[in-house]
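Colleague: I would like to see how this sequence folds:
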Amino acid sequence: MNLDFWILDGIQGLRTEWLDVFFRAVTRLGDGGIFWLVTALVLCVYRKYRPYGLMVLAALFGGLLIGNLGIKPFIARLRPFQVREGIVLLIREPGEFSFPSGHTLSSFEAAFVLFYMDRRIGAGALFLASLIAFSRLYLFVHYPTDVLGGFLLACVIAGAVVWAARRFFAVRPLREKDA
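Modeller: The predicted structure is shown next:
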């Protein structure tokens, strides 16, 4: 936990007014996974992209079940601002436990599936997912190990979804289909 706070304290040294505004906006994109949910639904509208939209939805659902409804209440880890006194949050206080970071989990689940679909689109999604994950540290609502846990769980869940889509539904990356 000391390493977690050492990293968080270092990040707090980066704080400026414009970064406060920027990271509040970025973190909102990850609230409830809504940005990724909307992305998945938009993909589902188009026949060509529908399998990938369904894959994103499957990954998000898996993350909700395993991460938010399973691991979070089981681990029941307090958030850093609940442990360290005197922290003034820039956002509304999150209501659930800390580990794993749900924003990180949903963002990287979706980004990994999008990267599988098309590396160019996926690279942008991975960049956005990284910003969302970092915002959780910047805003002092997650420990670095919460973000790492969300990232690793996203790797497993998205990997399982991609594997299942390839194995059982023959879903291939877009470039592979066009070749």
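Colleague: hey, which helix or strand in the chain has the poorest pLDDT?
Modeller: helix 174-178 (a mean of 68; mean pLDDT, DSSP states H and E).
Colleague: Quick one: distance of the longest helix anywhere in the chain to the chain centre.
Modeller: Of all segments of type helix in the chain, defined using DSSP state H, the longest is helix 144-169. Its chain's average C-alpha position is 11 Å from that of helix 144-169, according to Cα atoms, centre = their mean, to the nearest Å.
Colleague: per-residue confidence at the residue nearest to Val42 when sequence neighbours are not counted?
Modeller: Using Cβ to Cβ, 6 or more residues apart in numbering and skipping the chain neighbours, the partner closest in space to Val42 is Gly53 (7.2 Å). (C-beta placed from N, C-alpha, C; glycine too.) Looking at Gly53, its pLDDT is 97.
Colleague: from what I can see Gly53 touches Val38, true?
Modeller: No - if you go by Cβ atoms under 8 Å, Gly53 and Val38 don't touch, sitting 10.4 Å apart.
Colleague: From the neighbour counts alone, determine which of these two ranks first.
Modeller: Applying other Cβ atoms under 10 Å to Gly53 and Val38 shows that Gly53 carries more neighbours, namely 20 against 10.
Colleague: how would you label the more buried one: helix, strand or coil?
Modeller: Secondary structure of Gly53, reduced to three states by DSSP: H, G, I helix; E, B strand; the rest coil: helix.
Colleague: And it, how far from Gly124?
Modeller: Using Cβ to Cβ, to the nearest Å, Gly53 is found at 16 Å from Gly124.
Colleague: Leu174 - how many residues pack around it?
Modeller: Neighbours of Leu174 (other Cβ under 10 Å): 17.
Colleague: ugh, wrong one, Arg166
Modeller: Around Arg166 there are 14 other residues, counting by other Cβ under 10 Å.
Colleague: thinking it is in contact with Arg172, fair?
Modeller: Yes - contact criterion Cβ under 8 Å: Arg166 and Arg172 qualify, at 7.1 Å.
Colleague: so what's Ile7 up against?
Modeller: Leu137, Pro144 (Cβ atoms under 8 Å, 6 or more residues apart in numbering).
Colleague: rerun at 10 Å
Modeller: Residues near Ile7 by Cβ atoms under 10 Å, 6 or more residues apart in numbering: Leu137, Tyr143, Pro144, Thr145, Val147.
Colleague: got it, and Val161?
Modeller: Val161 touches 54-63, 109, 112-113, 116, 171, counting by Cβ under 10 Å, 6+ apart.
Colleague: what's the answer for Val83, then?
Modeller: Counted by Cβ under 10 Å, 6+ apart, Val83 has contacts Met1, Asp4, Phe5, Arg77, Ser98, Tyr143.
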